[in-house]
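> Below are the sequence and a predicted model; questions follow.
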Amino acid sequence: MVFKMDKDKFLRIIRRMFLLFVVSLTIINFVNAANLGVSPASLRYENVLRDGYSERSIVISIDSDEPIKVFLEPRGDIGTWLNFSDNNFSVSRDNLQKITVSVSPPGDTPNGNYSGFLRISTSNLGEGVEGHAVGIIKSTLDLVIDVEVVDVEIRDCGVVSINAISSEIGDDLVFNLDIVNNGNVRIKPRVVVDIWDQDQINILKSVDYSDKEILPTTQDRVSFKTSSTDLEIGQFWADVSVLECLSSSFITFDVLEEGALKADGLLLRILTRPNASVGETVPIEVTFKNTGEKEVSAQFKGSVSKDGRVVQVLESLPSLVSVGEIEKFSFFFTPEDDGKYVISGRVFYSSKKTFESSTTIDVFRNKKSSLRFLLVSIYVVFAILILFLYYKIRKERRRFLDRLRRIK
Amino acid sequence: MEKIEKEESKKLNGMFFLELTFFLLIFFLISIYYSKDVFAGVGGNVTQISQLTIGSSAPNIININAEGSITLLPNSTKQINCSVIIEDYDDETDLANVTAVFFHNSSSYGAADDNNSHYTNNNCSLNLSYGDTSQVLASCLFNLTYFANAGTWNCSVNATDFSIQIDQDSNSTQIQQLLAVGLPDSIDYGVINSTFVSPEQNLNVTNFGNMQLNLSLHSYGYVNGDNNSMNCTLGASKNISAYYEKYNLTNSTSGPLTLGQFESNYSNLTGSPSTKTFQLNYRQNDSVQGVDDANSTYWRIYVPTGVAGSCSGNIVFGATTANGV
């Protein structure tokens, strides 16, 4: 059969196809654009004082590779209390935006719970259509924010890290502390530093610092300098205490010769088995890493002790360790009795020593030891029996010889 | 007499040999006991012989770093690395395989994989150049979907060497809540005559996060708070009030409607934000999107007298975890 089509029918089909195309375009208009996300989905500020301060962070993400402008707008009763670290910024898939949202309730706010929103939105992506009624969708995220206003002061802080930067002789020593204020009042933490000599016998110098103010719910760096002119070249120890945070730490630093390379090392770990049997030989491995700027000669000196009594001295031969290299010192220990043994020691290198490190081994008598004890007991009983028989035989022989002599 | 003497002498010899036998037995017992592991000399050193046979050494997981707090990406996957440092004293090449399971607190190590709560990597990549010759850095990668449950997750790692000796360890981390929503760009009501209600338009809302969400809705014409839903190019008033644009978040009403039917079946859009209960759950179905994480909403608009031409306005669609009404 030959299919024939007249011109009108052909035009009708073309018209229908065009109509279908227009309808398709309308449907395509519903395709999703970039999708915005916020983490976490809500924020809660607890124990905030009137005229106080509290902050939290949010992360704004988007599934678009292209940067999209994002706007923030506070809403609700607490809208005027809110502040944020940035507004009208760009976000893309590889460039998430971390925003700090802080709250400061006015001084005349009564105690209680308050809530509001932080509206996160992008610019409109839809467009109107000629001759149509079109509602352009503005997609937003309403981050729920709850604030608890109280009148009880809370002082609470923690020390995240403490370090001292080694310096060349004559230069100032720098101490850095990262402190987090977990309370609801601003604090000026007092930092006390006692500098000890290498053998940790004498305090050479003390420093007291308390100038840095840290806002509630924030973490900040307390950094201060002290002169090193009264310290000689060598290794020193510092006992750094932050009284307000009930925290202290023992750290080490060097005063170096001018232009000298710094020797530094870490006793990474003392590794052994956590438990062993009496009489079993246990390997002990000490790992040291040269973290300094020059090759060092390192030697481990330590001991195995039980109940405060040294059972075995551990001392390795000096070994050259290159920069960045890890050296392992191996020892063996055979416990002769059950109980808890402590293995401790330090690595000595370039006239310096590492922090002391330690580990423990729990030694117990296993079934094999008990069997051996039983065997020994049987041996002893058997030996006593034989000795007794030997004695009886000797006695009997003596009596027999006497009787024989009398007969003769 | 001689006979008696001979017998007595025989007895005497027997006793002597018995005595000698016992003496030798004692000596033998003592020597056997001590000869096992000690050789001793008077005034000299004591040498104890200890026997130590080191077989194959088991791998030892030193550290697992399961990233800090994980922020997911809306409608997308996020790759995270559970990074593991393993030590094997036999040599790093003795490490045969490292596997890792990343699971939510509500799940367990042995559970089946589920994009909401359980991921498995049976072949973590090994970096032998890390550390010394006994250390290996294993990277266990997981592609987390946007709908992975928020909360505490556990990265549990198994390291196996060629002697089939295994070490297992784990570390925990947090996945943050993610609030995200997917919406179309616009609702096109088409061409509507004045004093008529438009045909119903279906608007799909998809949850692209990991939290159940409600909706906060309002509209404006030109500027926020103008209480309009649309502005038109022609006509006497040029504005369509917010309450003429209406929605139904649950039920569809098909066919043409009168204004009365329209008002009774649909809720008014307002000029200021109002949170509505929608309770759109986040995705649970691993294979198909839109099954349990998307809901339709139904929209119509009434065109009053006094407007003509092209009309457009803004509908502000807010996703929120706040309770709705």
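Thanks, I have the structure now. Small disclaimer: the values here were computed from a predicted structure and weren't measured. Numbers count the residues shown, from 1 in each chain, chains lettered A, B, ... in the order given.
> ok, residue A:109 - how many residues close by?
By other CB atoms under 10 Å in any protein chain shown, 17 other residues sit near residue A:109. The C-beta positions use only the backbone N, C-alpha and C, and glycine is treated the same way.
> go on, the one 5 residues further on?
Using other CB under 10 Å, residue A:114 is surrounded by 19 other residues.
> wait, what's in contact with residue 320?
Assuming you mean chain A. A:295, A:296, A:297, A:298 (CB atoms under 8 Å, 6 or more residues apart in numbering or on different chains).
> not quite, I wanted chain B
A:117, A:141, A:142, A:143, A:144, B:179, B:213, B:214, B:215, B:216, B:275.
> Specify the local secondary structure of the closest residue to residue A:170 other than its chain neighbours.
Nearest residue to residue A:170 in three dimensions, chain neighbours excluded: residue A:229, at 6.3 Å (CB to CB, 6 or more residues apart in numbering or on different chains). Secondary structure, DSSP: H, G, I helix; E, B strand; the rest coil: residue A:229 is coil.
> okay but residue B:247 is in contact with residue B:265, surely?
No: contact criterion CB atoms under 8 Å: residue B:247 and residue B:265 do not qualify, at 10.3 Å.
> Who has more neighbours out of those two?
The residue with more neighbours, out of residue B:247 and residue B:265, is residue B:247; 21 against 16, by other CB under 10 Å.
> before we move on, what SS does residue B:15 have?
Residue B:15 ends up helix, using three-state DSSP.
> and it, how many neighbours?
Count around residue B:15 with other CB under 10 Å applied: 17.
> Residue B:299 too?
Using other CB under 10 Å: residue B:299 sits among 19 other residues.
> check which helix or strand covers it.
Counting by DSSP states H and E, the element that carries residue B:299 is strand B:294-301.
> which residues are contacting that strand?
So strand B:294-301 is in contact with A:133, A:135, B:187, B:189, B:192, B:197-207, B:229-230, B:240, B:244-249, B:251-253, B:257, B:262, B:266, B:278, B:280, going by CB under 8 Å, 6+ apart.
> residues near the closest residue to residue A:334 other than its chain neighbours, how many?
Spatially, and ignoring its direct neighbours in sequence, residue A:334 is nearest to residue A:281 (4.7 Å; CB to CB, 6+ apart). Residues within reach of residue A:281, counting by other CB under 10 Å, total 14.
> State whether residue A:281 and residue A:332 are indeed in contact, as I suppose.
Yes: counting by CB under 8 Å, residue A:281 does reach residue A:332; the two are 5.3 Å apart.
> and which of the contacts of residue A:320 is nearest to residue A:285?
residue A:298 (14.3 Å; CB to CB).
> What is the subsequent helix or strand relative to the helix or strand hosting the closest one?
Using DSSP H and E, residue A:298 falls within strand A:296-306. Scanning forward in sequence from strand A:296-306 by DSSP H and E, the next helix or strand is strand A:309-315.
> Quick check: closest non-adjacent residue to residue A:61.
residue A:37 (4.4 Å).
> distance of the one you found from residue B:182?
As judged by CB to CB, to the nearest Å, residue A:37 and residue B:182 stand 10 Å apart.
> the more surrounded of these two?
In terms of neighbours (other CB under 10 Å), residue A:37 is the more surrounded of residue A:37 and residue B:182; the figures are 31 against 24.
> what comes into contact with the strand or helix carrying that one?
Per DSSP H and E, residue A:37 falls inside strand A:36-39. Contacts with strand A:36-39, where a contact means CB under 8 Å, 6+ apart, come from A:58-63, A:68, A:70, A:91, A:120-122, A:139-141, A:143, B:71-74, B:146, B:176-181, B:208-209.
> which of the residues in stretch B:173-183 are buried?
B:173, B:174, B:175, B:176, B:177, B:178, B:179, B:180, B:181, B:182, B:183 (16 or more other CB atoms under 10 Å in any protein chain shown).
> Is it correct that residue B:90 is in contact with residue B:161?
Yes: in this structure, residue B:90 is within contact of residue B:161 by CB under 8 Å, at 6.8 Å.
> So between those two, which is more surrounded?
The residue with more neighbours, out of residue B:90 and residue B:161, is residue B:161; 21 against 18, by other CB under 10 Å.
> any weak-confidence spans in chain B?
Where chain B drops to pLDDT under 70, the residues are B:1-5, B:29-56.
> do that again at 80, thanks
Residues of chain B meeting the criterion pLDDT under 80: B:1-57, B:89-90, B:131-132, B:324-325.
> mind giving me the domain ranges of it?
In terms of domains, chain B is parsed into B:2-48, B:60-175, B:181-320 (source: automatic domain parsing).
> What parts of the stretch 151-300 of chain A come near chain B?
A:271, A:279, A:281, A:283, A:285 (CB under 8 Å from any CB of the partner chain).
> tell me which of those is nearest to chain B?
Nearest to chain B out of those is residue A:281 (CB to the nearest CB; 4.4 Å).
> Keep only the buried residues of stretch B:173-183 that also lie close to chain A.
B:176, B:177, B:178, B:179, B:180, B:181, B:182, B:183.
> Ramachandran angles for residue B:221?
Main-chain torsions, residue B:221, degrees, to the nearest 10: phi -90, psi -80.
> That one touches residue B:232, doesn't it?
No: using CB under 8 Å, residue B:221 is not in contact with residue B:232; the gap is 9.2 Å.
> who touches both of the two?
Joint contacts of residue B:221 and residue B:232 (CB under 8 Å, 6+ apart) are B:239, B:240.
> give me the beta-bridge partners of residue A:303?
Beta-bridge partners recorded for residue A:303 (DSSP bridges): residue A:313, residue A:344.
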